[in-house]
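Colleague: build me a structure from this.
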Amino acid sequence: MSVFDIHDFDKYREDNRREVKKAKGGLPISLWDTYSSMCNTYGGVIICGVKEKSDGSWHTTGLKYGDLAKLKKEFWDTINNPKKNSINLLTEKDVVDYQIGEDLVLVIYVPKAPREIKPVYINDNIMGGTFKRNWEGDYHCTPREVKAMLRDQAEQSPDMKVLENQEMEDLDYESIKLYRVSYNNRHEGSSWTKLPDDEFLIKIGAASKKTSDKKIHPTAAGLLMFGQEYLITNEYPEFFLDYREKLDPSVRWTDRVQTQSGDFSGNVFDFYTRVYRKLTADFKVPFKLENGIRVDETPKHKSVREALANALVNTDYYQGWSVVIEKYPDKIVMANPGTIILGKKQMLRGGISEPRNKNMFKMFNLIGIGEHAGSGVPDIYDVWKTEGLIEPTVEEQFGSDVPDRTTLTLPLIEIENDSQISGQESNNIYDKNKNVVENVVENVVESYPDWWSEKAIDLYEKYSKSKQSRLIEILNQIKMDDRISAIQIAKNIGVSERTVQRYIKEMKDAGILNREGSDIDGSWQIW
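Modeller: Residues are numbered from 1 along each chain as shown. As a prediction, the model looks like this:
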């Protein structure tokens, strides 16, 4: 969709891509703030000769041809003045005039700047003259945001830095051992599998030998992936990874993994392995064999794996905000500091890969995680569509009060009636599911009349659609074999034992299920 079409003039309002300026007495000084902010964010249009009314609508301010000629000359003189503007990204075709009624407007199409030349700034002042766009406003970037853009300029990503103040002994060799198991399983017969740890770490980009002292030191990527948390924060003071499981609204969280807990190394690799298992613990795995070996991952598993790794390798670990991964009954949310280097549009299109931390990306890729072709996010969308789930959403947030961040939301709610529904509408769908739940319950009660006491129906109604299906699966297993164990139920329906135990506890608490006798010799009663 075009950011500006003269035929839709009356429909437009100011937003993060459109800004109007009266420009009746010449170019306003604020135009250059907007030019900088649009270059540093998504691009957009600046429309001169237009004023915003109190209701947000636009009206022209009466510019004529003489006014337009002066505006154009002033604009080109200023944008090409390095003392006023750090770089001119425009050509003549980007500055167009249109007639609206009796008046003229001057439309300036501002492109998004490539990462290699950001930040675009004004007044020969990189720290004081760099702006970004937040909804319909321009705001001064903080020194932290300017430094983040400068880091993203480099061909070598920040995680390639060799840390001369860190020793190889600072790495957690249990983490390295687990990584090497994954590597060896994937690269059976590779000469790298026989290398000593230090030489192996050099090969994968986790370490490098410095000519200054002839010693091997960890790279920033090696420290992040395999270091101890308290040592990682020496290089990255804001480093913090946080997983929050929120499956019960009555408690703050039902499970949590965070890097300052002290019960594991706190590095990126160990966090990834723990959190991936928790995110996919209740994903159903149909029985499937390949070459006589059971396949334990579905495309949905792989998509979540890619999404989690993507969040971790694209985090700006110098930013003052943590990586937060949240699991709810109806969605998974992954948020990381830093914006998308290639931009949201290119990321969704795919075909180009530009991770913020290239060494970390390489390490994940060597164990089968991550897409070099830039197809990771488009593939996630395809899998969600194939699974019949509501479309994921990607959002970037900019602001002077909080660090930049990117958020991916993966809804776990099925699309109804095969209509294409975006992730932003998931809450509406959840409400709709609750509105029709009485009919669903009635159908289930008719099918399985001896399961459904009034207490059972009350519990069923509290669940989301996906949890309702899981409840029926578990009850069906118990109905077929009242002596079945929780472990066997989990195996039969393809979820974790912990998930089954959670449902059983909820049913016991609701007074609809009980087990008499031991786990081995006892039996279930459904009330």
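
Colleague: how close does the residue lying closest to Tyr12 once chain neighbours are set aside get to Glu497?
Modeller: Excluding the flanking residues, the one nearest Tyr12 by Cβ to Cβ, 6 or more residues apart in numbering is Arg18, at 5.9 Å. C-beta here means a position set from N, CA and C on the backbone, and glycine is covered the same way. Applying Cβ to Cβ, to the nearest Å, the value for Arg18 to Glu497 is 54 Å.

Colleague: which one's more surrounded, those two?
Modeller: Neighbours were counted for Arg18 and for Glu497 using other Cβ atoms under 10 Å; Arg18 has more, 19 against 15.

Colleague: I'd say that one and Gly44 touch.
Modeller: Yes: the criterion here is Cβ atoms under 8 Å, and Arg18 meets it with Gly44 at 6.0 Å.

Colleague: common neighbours of those two, please.
Modeller: Val3 (Cβ atoms under 8 Å, 6 or more residues apart in numbering).

Colleague: which residues does Met38 contact?
Modeller: 17, 19, 44, 46, 110, 112, 133.

Colleague: so what's His140 scoring on pLDDT?
Modeller: Looking at His140, its pLDDT stands at 91.

Colleague: next, format the contacts of Met38 as CSV and append pLDDT.
Modeller: Below are those laid out as CSV (pLDDT from 0 to 100):
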residue, pLDDT
Arg17, 89
Glu19, 93
Gly44, 92
Ile46, 96
Val110, 95
Lys112, 90
Arg133, 88
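
Colleague: now distance to Leu241, secondary structure and neighbour count too, for the residues you listed, in a markdown table please.
Modeller: Formatted as a markdown table, the contacts of Met38 follow (distance: Cβ to Cβ, whole Å; DSSP: H, G, I helix; E, B strand; the rest coil; neighbours: other Cβ atoms under 10 Å):
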| residue | distance to Leu241 | secondary structure | neighbour count |
| --- | --- | --- | --- |
| Arg17 | 33 | coil | 17 |
| Glu19 | 37 | strand | 27 |
| Gly44 | 34 | strand | 24 |
| Ile46 | 40 | strand | 26 |
| Val110 | 36 | strand | 25 |
| Lys112 | 30 | coil | 18 |
| Arg133 | 29 | strand | 25 |
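
Colleague: ok, these vs Val377, which is closest?
Modeller: Lys112 (18.3 Å; Cβ to Cβ).

Colleague: can you count the residues close to Glu169?
Modeller: 7.

Colleague: quick one: it from Ile202, how far?
Modeller: Distance from Glu169 to Ile202, by Cβ to Cβ: 16 Å.

Colleague: do Asp67 as well
Modeller: For Asp67, the distance to Ile202 - Cβ to Cβ - is 65 Å.

Colleague: for Arg256, same thing?
Modeller: Relative to Ile202, and taking Cβ to Cβ, Arg256 is found at 35 Å.

Colleague: tell me which of these two has more neighbours.
Modeller: Remark: of Arg256 and Ile202, Ile202 carries more neighbours, 17 against 13, as counted by other Cβ under 10 Å.

Colleague: skipping adjacent residues, who's closest to that one in space?
Modeller: Ser208 (6.3 Å).

Colleague: still on that earlier bit, what would the contacts of Met38 look like in a markdown table with distance to Ile122?
Modeller: Shown next, in a markdown table, are the contacts of Met38 (distance: Cβ to Cβ, whole Å):
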| residue | distance to Ile122 |
| --- | --- |
| Arg17 | 20 |
| Glu19 | 15 |
| Gly44 | 16 |
| Ile46 | 14 |
| Val110 | 13 |
| Lys112 | 17 |
| Arg133 | 14 |
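
Colleague: which one of those sits closest to Lys362?
Modeller: Lys112 (27.1 Å).

Colleague: give me the pLDDT for the nearest residue to the closest one once chain neighbours are set aside.
Modeller: Nearest residue to Lys112, sequence neighbours excluded (Cβ to Cβ, 6+ apart): Gly43, at 3.8 Å. Gly43 is assigned 91 on the pLDDT scale.

Colleague: isn't Gly49 up against His59?
Modeller: No: between Gly49 and His59 there is no contact under Cβ under 8 Å: 10.1 Å.

Colleague: the two: which has the busier surroundings?
Modeller: Gly49 (25 against 15).

Colleague: OK, contacts around the more buried one?
Modeller: Gly49 sits next to 21-24, 60-63, 67-68, 103-106 when contact means Cβ under 8 Å, 6+ apart.

Colleague: adding neighbour count, distance to Ile489 and pLDDT, write those out as JSON lines.
Modeller: Shown next, in JSON lines, are the contacts of Gly49 (neighbours: other Cβ atoms under 10 Å; distance: Cβ to Cβ, whole Å; pLDDT from 0 to 100):
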{"residue": "Lys21", "neighbour count": "22", "distance to Ile489": "66", "pLDDT": "95"}
{"residue": "Lys22", "neighbour count": "15", "distance to Ile489": "69", "pLDDT": "94"}
{"residue": "Ala23", "neighbour count": "25", "distance to Ile489": "70", "pLDDT": "92"}
{"residue": "Lys24", "neighbour count": "13", "distance to Ile489": "74", "pLDDT": "87"}
{"residue": "Thr60", "neighbour count": "19", "distance to Ile489": "69", "pLDDT": "95"}
{"residue": "Thr61", "neighbour count": "18", "distance to Ile489": "71", "pLDDT": "94"}
{"residue": "Gly62", "neighbour count": "14", "distance to Ile489": "75", "pLDDT": "93"}
{"residue": "Leu63", "neighbour count": "23", "distance to Ile489": "73", "pLDDT": "94"}
{"residue": "Asp67", "neighbour count": "20", "distance to Ile489": "77", "pLDDT": "92"}
{"residue": "Leu68", "neighbour count": "17", "distance to Ile489": "75", "pLDDT": "92"}
{"residue": "Asp103", "neighbour count": "16", "distance to Ile489": "73", "pLDDT": "94"}
{"residue": "Leu104", "neighbour count": "21", "distance to Ile489": "73", "pLDDT": "95"}
{"residue": "Val105", "neighbour count": "23", "distance to Ile489": "67", "pLDDT": "95"}
{"residue": "Leu106", "neighbour count": "22", "distance to Ile489": "69", "pLDDT": "96"}
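
Colleague: and which of the residues you listed is nearest Leu241?
Modeller: Of all the contacts of Gly49, Lys21 has the smallest distance to Leu241: 43.5 Å, by Cβ to Cβ.

Colleague: quick check, the closest one in contact with Asp33.
Modeller: No: using Cβ under 8 Å, Lys21 makes no contact with Asp33, being 10.8 Å away.

Colleague: helices of the stretch 301-450 of the chain, start to end?
Modeller: 344-349, 358-366, 376-386, 426-435, 437-447 (DSSP state H, counting those that start in this stretch).

Colleague: ranking helices and strands of the chain by mean pLDDT, which lands last?
Modeller: helix 426-435 (a mean of 40; mean pLDDT, DSSP states H and E).

Colleague: isn't Val120 up against Ser86?
Modeller: Yes: in this structure Val120 lies within contact range of Ser86 using Cβ under 8 Å: 5.6 Å.

Colleague: remind me which residues of the stretch 401-527 of the chain are low pLDDT?
Modeller: By pLDDT under 70, the low-scoring segments of the stretch 401-527 of the chain are 401-403, 416-455, 464-466, 494-495, 519-521.

Colleague: could you pull out the strands for it?
Modeller: With DSSP state E, counting those that start in this stretch as the criterion, the stretch 401-527 of the chain has strands at 405-411, 513-516, 523-526.
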